[in-house]
Each structure stands twice: as C-alpha cells, then as structure tokens.
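Enquirer: any chance you can model this:
(chains A and B)
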Amino acid sequence: MSRLGPLFNTLRAENRRAVVPYLVAGDPDEALTVPLMHSLVEAGADIIEVGVPFSDPMSEGPTIQKGHERALEGGTSLLSTLALVKQFRETNTETPLVLMGYANPLERKGYAAVADACAEAGIDGLITVDLPPEEVAAMNAELQRQNIDNIFLISPTTSDERVATITAQASGFIYYVALKGVTGAGHLDTDAVEAHLATIRQHTNLPVAVGFGIKDADTAATVAGCADAVVVGSALVDLVANDLSSGGSHTSAISGAHSLISSIRNGVNLATSN
Amino acid sequence: MTIDINPDLYAQVPDEHGRFGIYGGKFVAETLMSALAELESLYNDLKDDPAFLREFDLDLAHYVGRPSPLYEAARWSDMIGGGRIYLKREDLNHTGAHKVNNTIGQALLAKYMGKKRVIAETGAGQHGVASATVAARLGLECHVFMGEEDVRRQALNVYRMKLLGAEVIPVTSGSKTLKDAMNEALRDWVTNVDNTFYIIGTVAGPHPYPMLVRDFQSVIGREARAQSLTMTGKLPDALVACVGGGSNAIGLFHPFLSDNEVAMYGVEAGGKGVETGEHAAPLSAGIPGVLHGNRTYLMQDENGQIMHTHSVSAGLDYPGVGPEHAWLKDIGRVNYVDATDTEALAAFHRVTRVEGIMPALETAHALAYAEKLAAEMTPDQHIIVNLSGRGDKDILTVAEIDGIDLGTR
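Expert: Residues are numbered from 1 along each chain as shown, chains lettered A, B, ... in the order given. Just a heads-up that it's a prediction; the model follows:
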C-alpha cells in the first residue's frame, strides 16, 4: 500500500506542506545514496524522489544530466537502485519513496516485473517522464495491481481538457512542472504557477507538488503558498557534486545537503505558519 | 523472396495514436504534448489540401530541382555482370541530398504555424544544411544541434550551415553524436515550445513526425516508380537504400510497398562488423524499446541503457531507427541487412572511379549491398538504389582513413 495518501492526509490536517528532495541513485557512487537519504529525512524531507539513471535523460538540464552520467559510470541500474531502496527501508519504513525516470529501463525489464520489484523494495509511486497518459495504460495496470501510485506531470502547456484526462488516471499526487524547460532552468513565475494550480484543483482533490526551478528557501517558501509539496532537485544534486569535486568527503556532502534541506524546510514552515 | 501481404495494410499505418503495430507512439514529456497535438491537427488539415500540396510541389520543382533523374549505372553494372543497377539521384537535389525534400515540407508547416524560429538535429550535417537553407530562404532563425564528434568529422557542413546564417551548437553530452544532438534539440524545444518549430530530419521521433517525414520523402519512390516503368517497362526487382533513422529508405520504399513483387533491402551500418558490437544496426542486432518519443528497435544493454554506436558515416551513427522500419521488419516486408565500414569505403571508391559519381558514405552502405545483390541476379533484372547524397562532405574522412594529409588539420 502506498504511503503517499496517508502522508498527505496527515499533512493537510496539520496545514503543513511536504518537502521533496530529488537525488539520482548512485550519484556519484552507491555508497553515498542511502546515508544521504537518511540525512534528508532527518533534515525534514517528507518524501524522497529517487532518480533512476538513464543514458538519455531528455528532460534534465545539465546539472541532473551529469548526475545520471556519474551514476551510470558507477554501474547503477534500475535493479541496483531498487537494492538501495531496500537498504534504506531496513531502518526507515515510514518515508514515502517515489522513483523518477524514463520509460526504456522499465520497458527492458517488463512492466509487470518492474511493478513487482518496486513493491518488494518498498516504492510508493512512479514518475515516468516519457510515459504521458496516451502511452501509460499498460504500466498503470501493473502499478495498480501492486497498489503503487502513478504520478503524472502537468505542465504550463497542458490544456484544461488534458488536465481532466490526466487527473482521472493519476493517484498519489500530481507533479506540476513549474516552467517550460528542463530541470534546473530559469526562474519561476510564481503568479503563473498559482493560476495553473487553481485550474488543476478544479479537476482533482489530489495533492499537487511543484518542481523545476525551486532553488532555495525563498523560492520554496513562495511556492509552498499554493502547492502541497515542493520538489528540490538540481540545487541538491549540484551542491553534493560541488562539495565532492572540491575535495569534500561523503560526510561533508551529506552535511551540506542536510543544511540545504533544513533551510528549505524552515522556509516552507514559515510560509505556511502565517 | 515471396511476399504475400494485403496491399491495403500500408495505408492503415500509423493509426490515430501514431502507431505502426506496436511501434511509434508519442513518448515525450507532457510539456511537448500540446505542440505535437497542434502539429498533428495542422498536418491533418493540410496533407490533402490542394493549395498546400501545390506550394510544396512548386518548391520541389523550382528550388530543389525535382524530379531527380533515375540513372542506369551501366559501366558498374557491366563490371558486376549480374542485374542492372539504377541510381535514384537524390545527390543532385539542391544541398546535395534527399534531406531537403523534408525540410521544404516542414518549413512550410512552420510558416503556416507562424513560428519564427526553427531547430534541427544533425549527424552528418546534411539535414542541418537543408534546415539552414530553408530557414535562410524564409528568414527564420535557425539553431542546429550537432554532436561534438560530428562537428569535428563534418567540418565542411558546419561551415556551410554558418554561412547560411544558422547557429551550430556542439553537443558535448553522452556519446557526442546524433542521438545526443536529438536529446539537446528536444530540450531546446521544451524550453522554447511557444515560438519554435522542431524540424526532425528522419522518420523517427514522436508522432506525427515519422508519418509526415515519410509523406514528404515519398516523392522519391513515386518518381522512381514512374521512371522505372518508363525506362524499363517494368517495376524494379529490388530496391536498396541505407538506413540510419531511415528517411531516404522509407521515401523510396513506401510507394512500392503494395507491389509484392518488388523486394526491398534496408542497409544498416555494420561498422566494424555486427558481431563485434561496434556498429549502428539496431534492426539487425537491437531490441525494441523507447527512445526519442517512439517505440522502436534500439541498441541497448540489459538494463535498458542506450549503447554507443559506431559507424564511419556520421549520418548512420544512431542507436534507433524509424518505427515504420521496425514494423516492416516484423511483418517481413523489408529485409534489413548491413554493410561494414570497409565494404562501404570500397563501394565509395568503386562508384566514384567507375561512374564518376562520388556518393556520401551513408549512401555507400547501400551501394556496397547492391553490388552483392546484383551479382546474384540476371541481366534482365534490375535494382534501384537510392543515391541519397553526394560525398563531398566526406572527403576529409576518406582522406584521413586513406592516410592522406590535406593540410586541413
């Protein structure tokens, strides 16, 4: 059973917003991933998005592309990502985990086998960037069989009609892509985000997470004014990579990541306490 | 080869979801779905519109120089001593390859949509040049994404694009070749979707691209079919074309698909030999999967990661292939074979010396296979080979392989 529904029920009851960090599994090596995940939870993460490395991550900006490349050099795959998730679950059975990735690694293993392996590892939801509603039926059936949420993206270019189609198939939460572009790009137009979220909420009661373009506590706090969850990806991947490439250790990278997510947690809390 | 397939089948693909059997589709991020829907709807309105077709045909006649000749390679055929080989001279098109047929068509679509900026991916640079050319003619801003490795080996085409006013953006991610250029073009399109038309150069990508590129390129096969009947009084016994993404091959094959007596051979890049793993032959050695918006045969590892490819020709150096080819392979209508780097280079030299026609290295793969095929045929039989492009762009590569220093590096 997915942990996402119960989590968002609790958060709503307490008028809190979720903080959702994103990392690439195995970036830059598999030894960092599980300790980093635990540290993110300690810093106040409610959900963790675990990126599955792919050779051709078409929606990622340069920062996350490099994360995928580093993870692939270390040999991380979908199966070894799920092994890391299992390891995380040995001491944390509470925090919802969402896999984010691309269709081909799932196709290669077969949708049924992927759904089974995700359920066994303790995955709560899947975001597959290049499986829009038109192409997702087969995958969705397998995920539903295992009670895993299928999380869809909605973008600034999604028509009202499509929003209705997408929300009808979605579960867990909706992921609103805050800008036209790749991950880590540009700066946010928060007024436009607010307007789009209002449209989405006319069609669904599902929680709405906002990602792409949230860099720090300030942008996270602004978005938390209208979203149920804020996703922080490139800023975190960048911070860890920079720390390690300038001679830092796993410990210092984890501590830097902890500070970033703590500060975002505080920003989000302040925004919702007013 | 005996083919017994219902001729009506070919008019039924792609279906309304853009699928060719299990292949094709629209596997892209949500941000692009509305742009694809807009393009599909516009194309459906225009594809049978007499005014649009007249404009397209006029451009092909007066700007591209169509029809391209069908030429009997008599001396080469005599030397082989088997079936007769006819060359469909797409190398004589404006800009020197078949690519321009498609960029003329897509630029017209961009004009109808009011887009002021076009982007394109390119491997050998022929599609980049053809895109930069139509952009110059229509006064559109043009950005061409090209793998860093290809920028190096196709320096002449890079300079041609710059002269035409296009900005060439070297792509440094991944394998630094065509697949990475396509990733980067898709990223640009997601970012600039409001004002940008993406001119995809081959019969791959998300629906409706494989369909509309096929339709624009099918002029090759329509002309060749009529020319064959005029010149020889019959249809060819076989068609041969090289296959990277597969646009020149689909363009030649498509109008003949219902002619069950015409055998077809798509020639992939065998690189150093398919058995070595260093090749670009997904139909010969790949597995179906999803990349760049469509389901098709891909060169991938057991974890679904796309593998690096190798070919002496930049234009064939791609790990996927158009979804219609994947389908034509599965139903058995087209035979997919390969030619190695060495075989292609030998054919390049032979046709240059024997016919005075210098083919592109991509095209040389088709010529290499045609030579083998002709040798097994009789003089009353004939083959049409799509001479998809001219080889000027490849002379630095050929010189380098032959150990000749032209003083350019």
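
Enquirer: pLDDT score for B:Arg409?
Expert: Looking at B:Arg409, its pLDDT is 51.

Enquirer: over to B:Ile3?
Expert: Reading off the model, B:Ile3 has pLDDT 67.

Enquirer: got the residues of the stretch 301-409 of chain B near chain A?
Expert: For the stretch 301-409 of chain B, the contact set with chain A under Cβ under 8 Å from any Cβ of the partner chain comprises B:302-306. Quick note: C-beta positions are derived from backbone N, CA and C, even for glycine.

Enquirer: what packs against the longest strand seen in chain A?
Expert: Secondary structure assigned by DSSP state E gives strand A:18-24 as the longest strand of chain A. Contacts defined by 3 or more Cβ pairs under 8 Å, 6 or more residues apart in numbering or on different chains; DSSP states H and E place strand A:18-24 against helix A:4-13, helix A:30-42, strand A:48-51, helix A:62-73, strand A:208-211, strand A:229-232, helix A:234-245, helix A:250-273.

Enquirer: show me the contacts for residue 40.
Expert: Here I'm looking at chain A. A:21, A:23, A:48, A:257-258, A:261 (Cβ atoms under 8 Å, 6 or more residues apart in numbering or on different chains).

Enquirer: wrong one, chain B
Expert: By Cβ under 8 Å, 6+ apart, B:Glu40 lies in contact with B:18, B:207-208.

Enquirer: top of those residues by number of neighbours, please.
Expert: Of all the contacts of B:Glu40, the most densely surrounded is B:His207 (27 neighbours; neighbours counted as other Cβ atoms under 10 Å in any protein chain shown).

Enquirer: next, it: secondary structure please.
Expert: Following DSSP: H, G, I helix; E, B strand; the rest coil, we place B:His207 in the coil state.

Enquirer: show the model's pLDDT score for the nearest residue to it once chain neighbours are set aside.
Expert: Closest residue to B:His207 apart from its sequence neighbours, by Cβ to Cβ, 6 or more residues apart in numbering or on different chains: B:Gly18 at 2.3 Å. Listed pLDDT for B:Gly18 reads 98.

Enquirer: mind checking pLDDT for the residue nearest to B:Asp59 when sequence neighbours are not counted?
Expert: Distance criterion Cβ to Cβ, 6+ apart; nearest residue to B:Asp59, sequence neighbours excluded, is B:Ile104 at 4.9 Å. For B:Ile104, the pLDDT comes out at 98.

Enquirer: same question, B:Asp45
Expert: 97.

Enquirer: now do the helices in the stretch 51-200 of chain A.
Expert: A:62-73, A:78-89, A:103-109, A:111-121, A:137-145, A:160-169, A:190-203 (DSSP state H, counting those that start in this stretch).

Enquirer: what's the closest of the ones you listed to A:Asp243?
Expert: Nearest to A:Asp243, of all those, is helix A:62-73, at 13.4 Å by Cβ to Cβ.

Enquirer: check which helices and strands the closest one is in contact with.
Expert: Using 3+ Cβ pairs under 8 Å, 6+ apart: helix A:62-73 touches strand A:18-24, strand A:48-51, helix A:234-245.

Enquirer: distance of B:Ala364 relative to chain A?
Expert: Plainly put, B:Ala364 is 28 Å away from chain A if you go by Cβ to the nearest Cβ, to the nearest Å.

Enquirer: doesn't B:Asp341 make contact with that residue?
Expert: No: B:Ala364 lies out of contact with B:Asp341 (Cβ atoms under 8 Å); the separation is 9.6 Å.

Enquirer: doesn't B:Pro288 fall inside a strand?
Expert: Yes: under three-state DSSP, B:Pro288 sits within a strand.

Enquirer: helix, strand, or coil at the residue nearest to it when sequence neighbours are not counted?
Expert: Excluding the flanking residues, the one nearest B:Pro288 by Cβ to Cβ, 6+ apart is B:Tyr297, at 5.7 Å. Classification of B:Tyr297 by three-state DSSP places it in strand.

Enquirer: which pLDDT value belongs to B:Tyr297?
Expert: At B:Tyr297 the predicted local confidence, pLDDT, stands at 98.

Enquirer: which residues are in contact with it?
Expert: B:282-283, B:286-289, B:320-321, B:325-326, B:329.

Enquirer: what helix or strand is the residue of chain A positioned farthest from its centre located in?
Expert: In chain A, counting by Cα atoms, centre = their mean, A:Gly247 sits farthest out from the average C-alpha position, at 27.8 Å. Secondary structure assignment for A:Gly247, by DSSP states H and E: no helix or strand.

Enquirer: grab the nearest non-local neighbour of the most centrally placed residue in chain A.
Expert: The residue lying closest to the centre of chain A (Cα atoms, centre = their mean) is A:Glu49, at 3.3 Å. Closest residue in space to A:Glu49, ignoring its immediate chain neighbours: A:Tyr22 at 4.1 Å, by Cβ to Cβ, 6+ apart.

Enquirer: can you name the residues of the stretch 101-250 of chain A sitting close to chain B?
Expert: A:102-109, A:129-132, A:134-135, A:152-159, A:162, A:166, A:177, A:180-182, A:185.

Enquirer: quick one: buried ones out of those residues?
Expert: Buried members of those, counted by 16 or more other Cβ atoms under 10 Å in any protein chain shown: A:102-109, A:129-132, A:134-135, A:152-158, A:162, A:166, A:177, A:180-182, A:185.

Enquirer: ok, back up a step: for A:Ala253, see how far away the residue farthest from the centre of chain A is.
Expert: The gap separating A:Gly247 from A:Ala253 is 11 Å, by Cβ to Cβ, to the nearest Å.

Enquirer: and if you look at B:Ala110?
Expert: Separation of B:Ala110 from A:Ala253 (Cβ to Cβ) stands at 46 Å.

Enquirer: now A:Leu131
Expert: From A:Leu131 over to A:Ala253 the distance is 32 Å, taken as Cβ to Cβ.

Enquirer: partners of the longest strand of chain A, with directions?
Expert: Using DSSP bridges, the strands paired with strand A:18-24 are strand A:48-51 (parallel), strand A:229-232 (parallel).

Enquirer: hang on, A:Leu236 packs against A:Leu260?
Expert: Yes: when contacts are counted by Cβ under 8 Å, A:Leu236 is listed as touching A:Leu260 (6.1 Å).
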